[in-house]
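Asks: with the sequence up front, the predicted model follows.
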Amino acid sequence: MDDRSARGIAAAVSRLVTAGALPAGTRLPTVRDVARELGISPTTVSEAWRSLARAGAIQTRGRSGTFVAGPSVPRQRLRYAQLGARVSELRGGLLRDYSTGIPDYDLLPSLTEALKRIGDARLTTSYLDGAVLPGLEEVLRERWPFPPERLTVVDGAMDALDRITGVVVRFGDHVLVEDPAFPPTLDLLETVGATVVGVGIDEHGLRPDALTAALAGYEPVALFLQPRAHNPTGASMTPARADKLARILARHPGVTVIEDDHAGAIATAPPVSLGRRLPDRTVHVVSFSKSHGPDLRLAAIGGPASVVTAVTDRRLLGPGWSSRLLQAVLLDLLTNPATVRQVAEARDEYARRRTALLDALDARGVTATGADGINIWMAVANQQVALLTLAAHGIAVAPGAPFEVSHQDSDHVRITAGLVRDDFEALAGIFAEAAGGEVRGSGPRAASHPRGWR
């Protein structure tokens, strides 16, 4: 090797990986072994290894050593890719797609008037301006469920979770998640090489006994949870449950809590956070996609400076900031009285739709949960049979398997009830047919809650 600088060593290893001479999973020699073999400083080799790790070519697994990274997961193998409807499999007729998890666009506030009120806003005076508009930060802090040390705005909830994960989680770390959980979150954690551990939930959120057992069995670095309108079950954490979970986590100071409040203002449950008791270890994310519009691409992150500052600084090397024009639109929407009323009406309408469909399903002996948000989690005798039965009616829903960390007590499907505007009785009849008849009591959890978790 002619070039024995850190850059030269990194380039040489990269060429070997690309050529297949170092296949994925190959354990690399230690830094000291390489330094001794090449007759250079271990510091130089360490710098080369850091460069390769930043590029995603190698992964360090603590005391286990450093390994060549595997190829990226093909899109079709991601859990998230399995949720959408495959139109080609649906028979002719109008496709009613309740698989998406998106809000009803007719219930979103119009951006037209907000854009008019903002006008020709010149909001950026320097590339080093603050990441958040001061007025928006003030409003967000007033609404935050605990006083955050730092706050920033990013491009949606998944962007937030991705960037927080990059700060908190390393390859091989154990991470606790709700079971079931949001599939893109599971994909994200698996992609960075985390070991995912599922924690059972009930109608009030994470079960304290399940959390205690998971903490005792592993040494997790993080806990991911949805504090309200849990996707897919609709469960919302109560303040009492949050306090109980915080007391348990207080005995495990190495765990960072990452909360994804994805439903935001359309959730009927009040905001709640473990940050009330654990402010120095809780990172709270609030999304505005379902309440104000997916294409606003905005979510806020608030929590300890050690995490939020790291996210903000890293973004300076990429997008820099989220559009201040869109931030100004969001600020207008959050403070305009007419828009605030419209969002409240949308929240009530989603609740009406959920309740109507749940009542109709319950009357037909079908177990389903959906106390909050826009989704319903329906138990079925057989997932594949249910999907095919609904497809024959031109209806698409999301399969339950991608949400599961471990196998549940029965099969499920997720229905985006927020998109069901009417015809609840007829739809419930079709859903009941797909569920396979009497599915209540299909497992211990269902049996203990005669109407699911409502």
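Replies: Alright, I've got the coordinates.
Asks: partner strands of the top strand by length along the chain and their direction?
Replies: The single longest strand within the chain, with elements called by DSSP state E, is strand 195-202. For strand 195-202, sheet partners with direction are given as strand 174-179 (parallel), strand 205-206 (antiparallel), following DSSP bridges.
Asks: what's in contact with the first one?
Replies: It refers to strand 174-179. Outside strand 174-179, the residues within contact range by Cβ atoms under 8 Å, 6 or more residues apart in numbering are 169, 185-186, 189, 194-201, 205-206, 211, 214-215, 218-226, 230, 255, 404-406. C-beta here means a position set from N, CA and C on the backbone, and glycine is covered the same way.
Asks: 6 Å - rerun?
Replies: Outside strand 174-179, the residues within contact range by Cβ atoms under 6 Å, 6 or more residues apart in numbering are 169, 189, 194-201, 214, 218, 220, 222-225, 405-406.
Asks: Asp187 looks like it's in a helix, true?
Replies: Yes. Going by DSSP: H, G, I helix; E, B strand; the rest coil, the assignment for Asp187 places it inside a helix.
Asks: surely Pro227 and Met237 touch.
Replies: Yes. Shown here, Pro227 and Met237 form a contact pair, counting by Cβ atoms under 6 Å, at 4.8 Å.
Asks: identify the contacts common to the two.
Replies: Common contacts of Pro227 and Met237, defined by Cβ under 6 Å, 6+ apart, comprise Val272.
Asks: and those two? Which one has more around it.
Replies: Residue environment comparison for Pro227 versus Met237 gives the larger neighbour count to Pro227, 29 against 24, counting by other Cβ atoms under 10 Å.
Asks: contacting residues for that one?
Replies: Contacts here follow Cβ under 6 Å, 6+ apart; on that basis Pro227 touches 237, 259, 261, 272.
Asks: most neighbours among these, please name it.
Replies: Greatest neighbour count in the contacts of Pro227, by other Cβ under 10 Å, goes to Glu259: 26 neighbours.
Asks: let me see the contact set for that residue.
Replies: Going by Cβ under 6 Å, 6+ apart, the list of residues near Glu259 reads 225, 227, 273, 284.
Asks: that's a strand at it, yeah?
Replies: Yes. Using three-state DSSP, the secondary structure at Glu259 is a strand.
Asks: relative to Asp120, how far out is it?
Replies: With distances taken as Cβ to Cβ, to the nearest Å, Glu259 is found 37 Å from Asp120.
Asks: same deal with Leu95?
Replies: For Leu95, the distance to Asp120 - Cβ to Cβ - is 42 Å.
Asks: these two: who's more crowded?
Replies: Between Leu95 and Asp120, Leu95 has the larger neighbour count (other Cβ under 10 Å), namely 13 against 4.
Asks: rounded mean pLDDT for stretch 188-202, please.
Replies: When pLDDT is averaged along stretch 188-202, the result is 90.
Asks: ignore the last one, stretch 108-121
Replies: If you average the pLDDT over stretch 108-121, you get 85.
Asks: tell me the span between the first and last residue of it.
Replies: Distances were taken as Cα to Cα, to the nearest Å; on that basis the terminal residues of stretch 108-121 are 23 Å apart.
Asks: residues of that stretch that come out buried?
Replies: For stretch 108-121, the buried set under the neighbour-count rule, 16 or more other Cβ atoms under 10 Å, comprises 108-109, 111, 114, 118.
Asks: same question, stretch 206-216
Replies: Taking 16+ other Cβ under 10 Å as the criterion, stretch 206-216 shows 206-208, 210-212, 214-215 as buried.
Asks: from those residues, which land in helices?
Replies: Filtering the buried residues of stretch 206-216 for membership in helices, criterion DSSP state H, returns 208, 210-212, 214-215.
Asks: who's in contact with Ser51?
Replies: With contacts taken as Cβ under 6 Å, 6+ apart, Ser51 has the following neighbours: Ala10.
Asks: ok, Gly25 to Ala69 distance?
Replies: Gly25 sits 9 Å away from Ala69 when distances are taken as Cβ to Cβ.
Asks: in terms of neighbours, single out the busier of those two.
Replies: Shown here are Gly25 and Ala69; by other Cβ under 10 Å, Ala69 has more neighbours (19 against 10).
Asks: and stretch 406-419, how far from the chain's centre?
Replies: Averaging C-alpha positions (Cα atoms, centre = their mean, to the nearest Å) puts stretch 406-419 17 Å from its chain's average.
Asks: check which residues of that stretch are buried.
Replies: When burial is assessed from 16+ other Cβ under 10 Å, stretch 406-419 yields the following buried residues: 408, 410-419.
Asks: what does that stretch rub up against?
Replies: Residues from elsewhere that reach stretch 406-419, judged by Cβ under 6 Å, 6+ apart: 98, 100-101, 104, 179, 198, 232, 350, 353-354, 357, 374-380, 382-383, 386, 397-398, 400, 442-443, 445.
Asks: can you rerun that using 7 Å?
Replies: 98-101, 103-104, 179-180, 198, 232, 350, 353-354, 357, 370, 374-383, 386-387, 397-400, 403, 439, 442-446 (Cβ atoms under 7 Å, 6 or more residues apart in numbering).
Asks: distance between the ends of it?
Replies: Criterion Cα to Cα; first-to-last residue distance in stretch 406-419 is 29 Å.
Asks: hey, where'd the strands end up in the stretch 201-350 of the chain?
Replies: Residue ranges of the strands in the stretch 201-350 of the chain, as given by DSSP state E, counting those that start in this stretch, are 205-206, 222-225, 256-261, 282-287, 299-303.
Asks: what would the ones you listed look like in JSON lines with distance to Thr165?
Replies: Converted to JSON lines, the strands of the stretch 201-350 of the chain look like this (distance: least, Cβ to Cβ, whole Å):
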{"stretch": "strand 205-206", "distance to Thr165": "19"}
{"stretch": "strand 222-225", "distance to Thr165": "8"}
{"stretch": "strand 256-261", "distance to Thr165": "8"}
{"stretch": "strand 282-287", "distance to Thr165": "10"}
{"stretch": "strand 299-303", "distance to Thr165": "12"}
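Asks: can you put those strands in TSV and add mean pLDDT and distance to Ser322?
Replies: Supplementary listing: these in TSV, determined by pLDDT from 0 to 100; distance: least, Cβ to Cβ, whole Å:
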stretch	mean pLDDT	distance to Ser322
strand 205-206	96	29
strand 222-225	98	22
strand 256-261	98	17
strand 282-287	98	13
strand 299-303	98	9
